[in-house]
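Participant: sequence first, predicted model second:
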Amino acid sequence: MSKVKNYYWNEAEKYLDQLISKVKDGTLTIADAVKEGHAANVAWDLIGIPDTDTLEEVLEMECDL
């Protein structure tokens, strides 16, 4: 079971990194990144993001906006 959990944990981290990169390079706004992240099938809870408000806060902090 821990291999499965680690897989989804890594996938969530990779997806978050992709969203951060897209916001930093101007491809997405934070609002668009939150919408895209909300629609994605990602186990956000595994990386400490329980809701879209928290995702927005993380993106703002990571992108210094």
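Facilitator: Good, I have the coordinates.
Participant: any weak-confidence spans in the protein?
Facilitator: Applying pLDDT under 70 to the chain flags residues 1, 65.
Participant: which residue ranges of the chain form helices?
Facilitator: 2-24, 30-39, 52-63 (DSSP state H).
Participant: so which of those helices comes closest to Asp45?
Facilitator: Smallest distance to Asp45 across the helices of the chain (C-beta to C-beta): 8.6 Å, for helix 2-24. (Each C-beta comes from the backbone N, C-alpha and C, glycine too.)
Participant: buried stuff in that closest one?
Facilitator: By 16 or more other C-beta atoms under 10 Å, the buried positions in helix 2-24 come out as 11-12, 15-16, 18-20, 22-23.
Participant: hmm, who's touching that helix?
Facilitator: 28-30, 33, 36-37, 40, 42-44, 46-47, 49, 58-59, 62-63, 65 (C-beta atoms under 8 Å, 6 or more residues apart in numbering).
Participant: re the thing from before, any chance of the buried residues of helix 2-24 in a markdown table, plus distance to Asp53?
Facilitator: What follows is the buried residues of helix 2-24, written out as a markdown table (distance: C-beta to C-beta, whole Å):
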| residue | distance to Asp53 |
| --- | --- |
| Glu11 | 22 |
| Ala12 | 17 |
| Tyr15 | 18 |
| Leu16 | 15 |
| Gln18 | 20 |
| Leu19 | 15 |
| Ile20 | 17 |
| Lys22 | 19 |
| Val23 | 16 |
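Participant: good, we can wrap up now.
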